Each structure stands twice: as structure tokens, then as C-alpha cells.
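Give me coordinates for this.
(one chain, ligands or ions: 1)
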Amino acid sequence: MMHEKTVVITGAAAGIGLAAARRFAEAGAKVLGLDRNPAIKNISKVIPGFTGVPCDLASESEILEAMKSFQTENIDVLVNNAGINPSPSSLHETTEKVWFNLLETNLTGTYRITKAVLERMQCGVIVNISSILALSGARQNAAYAATKGAIISLTRAMARDHGPAIRVNCVCPGAVQTDMFEEYLKRCEYPELERERIRNAIPLKRLGRPEDIADAVFFLASDSASWITGQVLIVDGGDSA
Ligand SMILES: NC(=O)c1ccc[n+]([C@@H]2O[C@H](COP(=O)([O-])OP(=O)(O)OC[C@H]3O[C@@H](n4cnc5c(N)ncnc54)[C@H](O)[C@@H]3O)[C@@H](O)[C@H]2O)c1
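Okay, here's the model as predicted:
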């Protein structure tokens, strides 16, 4: 089903993006990964069928350069996964620098890469990664939640504009054990207590693994989801139930 398909994944050097790259490659897809971390170039050593290109999504010129380096005419799947949450804060504590930095990667970066990929996608699937924080109203995450809420709106609008040729869906992960989550814990006064608090609040009593999200992304990209578009799939162990 994914055999011979070309899949572009942003933020593929770590966490959820890396797990998604592995999931698609195992299914026989040709995976093109973008990441601002130069380590993206080494991922092909551990994932056959993977090509990694260093690219900061906050830079339009780097996106255009990365697209030129892809030796492919047609792109079947785009996974907009790259995202940052550098310094959680409420709105009045959020500086303009932090605000625009978040917008630049989480929203404008998604706009730029999606526009570039659409040039080579006559028919295909886009899966965006939002966050449960876009829906739950979590504290100290005003700017991040705003960017992730915009990703949901973008998903719904694009599903209308680009159907039936292109399906556009979105996954909202809950707490997933990645570098981003560990960075959050490091900022807490009692990181291990916070980890346990979050874990215990989840009905399925475990934190998410990157593979949990990769499986949901893979499902939405597959023909098994051929009548699903413009939707938000929450994958959070039941935390939002
Ligand atoms: N981990 C969680 O608990 C969680 C929860 C909800 C949503 N998410 C979302 O899932 C996505 C992946 O998060 P993760 O936890 O795997 O994070 P992560 O920090 O572990 O990995 C993110 C990857 O994206 C790359 N990246 C960041 N900014 C970039 C940019 N400007 N250009 C190119 N690459 C860039 C990083 O270098 C990194 O390799 C993000 O959009 C995040 O907001 C994560």
C-alpha cells in the first residue's frame, strides 16, 4: 500500500518524526526527511530508504533549496511534524521574540513546506501534527496552543480546498516521551513527580511512545482512511476523555 510511495516528513531527526519515518520506510515507502538538526543526514544509516536533508523550516530559502535536492517529481504524503515549544508561558509573559519564533516554525514553516510540496502533489495525503494542548486549554502554553489551534483550522480549511484529490487530517498527541517532553520536565521543580502525575492522570496509565503517534499518522495516510478528511484524531491514552 505504501510501497513505492514518496513521503516527506518534517522534523524527522528525532521523536515522533523519526518514528513516523521508520513506520513508513518499513512499509516500503521512500522517505524524505527534513530537519534543522544536521543529524538528519545520518538517519539513512539506520533507516533504509530514507534520505535526510538539513533544513530549517523557519527559512523560506532553505525550504526551496531542500525541495530542489529531492530527486522526485511526485510526492504522495506530507507529514507536517516539526514543532517547538521553547519556553512555556502565559500570554502576558510571552515576549514578541518567543511569539514570532513559535509562529515561524509551528505555523509559517508548515505553510511554506506545504505550499512547496503541493507543487508536486497532484493526488495525495497531508497529515499535520497539532497537540492536545490546542483543545484542552492547558496552562502556561498560550502561544504554543495558539499555533497548534491554527494547525487544526488549517487542516479543516485545506480539506475543503484540496478534496477530492488530497486528503488533509490532523493528529493531536497527548504527552509523548520525546526530547520535547523531557525538556518540559527539566523545567519542573520535581521532574519525576510531574512525570508520575501526568502518567497517573492518563486512563491507559502510560505515557505515549513516539510509535503510538506514528501508527496514527500512518493510518491516516493509508488507504484504510480513504473516506476521512478534515478530521482531528486525538491520540493521548484517553487523557482528554
Ligand atoms: N512530545 C509531546 O508530548 C507532544 C505532544 C503534543 C504534540 N507534539 C508535537 O509533535 C511534534 C513532534 O514533537 P516531538 O515531541 O517529537 O519533538 P522533538 O523535539 O523530540 O522533535 C522535533 C524535531 O523537529 C525538529 N525541528 C524543530 N524545529 C524545526 C525547524 N524550524 N525546522 C526543521 N526542523 C525542526 C527538531 O530538530 C526535532 O528533530 C511537534 O509538532 C510537537 O509540537 C508533541
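
C-alpha only now, for contacts and for neighbours.
Will do.

Check the offset of the longest strand anywhere in the chain from the chain's centre.
Criterion DSSP state E: the longest strand present in the chain is strand 166-173. The chain centroid and the centroid of strand 166-173 are separated by 10 Å, computed with C-alpha atoms, centre = their mean, to the nearest Å.

Which neighbouring elements make contact with that strand?
When contacts are defined as 3 or more C-alpha pairs under 8 Å, 6 or more residues apart in numbering; DSSP states H and E, strand 166-173 packs onto strand 124-129, helix 142-162, helix 210-221, strand 232-235.

right, and the helix or strand after that strand?
Sequence-wise, the next helix or strand beyond strand 166-173 is helix 179-186, with elements assigned using DSSP states H and E.

Could you give me the buried positions within that following helix?
If you call a residue buried by 16 or more other C-alpha atoms under 10 Å, then helix 179-186 has these buried ones: 180, 184-185.

Output the residues you listed in CSV; the columns should cover distance to the ligand and pLDDT.
Written out in CSV, the entries for the buried residues of helix 179-186 read as follows (distance: C-alpha to the nearest ligand atom, whole Å; pLDDT from 0 to 100):
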residue, distance to the ligand, pLDDT
Met180, 4, 96
Tyr184, 9, 93
Leu185, 11, 95
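
Could you pull up the residues touching the residue most central in space within the chain?
A centroid search over the chain (C-alpha atoms, centre = their mean) returns Asn81, at 1.7 Å, as the residue closest to the centre. Under the criterion of C-alpha atoms under 8 Å, 6 or more residues apart in numbering, the contact list for Asn81 reads 9-12, 16-17, 128-129.

how close does it sit to the ligand?
5 Å (C-alpha to the nearest ligand atom, to the nearest Å).

Now do the same for that residue: its pLDDT.
For Asn81, the model assigns a pLDDT of 98.

Secondary structure class of Gln122, three-state.
In the three-state summary, Gln122 is assigned as coil, counting by DSSP: H, G, I helix; E, B strand; the rest coil.

is it true that it touches Ala165?
Yes: at 6.9 Å, Gln122 and Ala165 qualify as touching, with contact defined as C-alpha atoms under 8 Å.

burial of Arg139, as a residue count?
By the criterion of other C-alpha atoms under 10 Å, Arg139 has 11 neighbours.

Buried deepest among the helices and strands packed on strand 166-173, which one?
Each of those was assessed for mean neighbour count using mean count of other C-alpha atoms under 10 Å. The highest is strand 124-129, with a mean of 26.

Can you confirm whether that strand lies near the ligand?
Yes: contact between strand 124-129 and the ligand, assessed by C-alpha under 6 Å from any ligand atom, occurs at Ile129.

Within the sheet, what are the partner strands of that strand, with directions?
Paired neighbours of strand 124-129 in the sheet (DSSP bridges): strand 77-80 (parallel), strand 166-173 (parallel).
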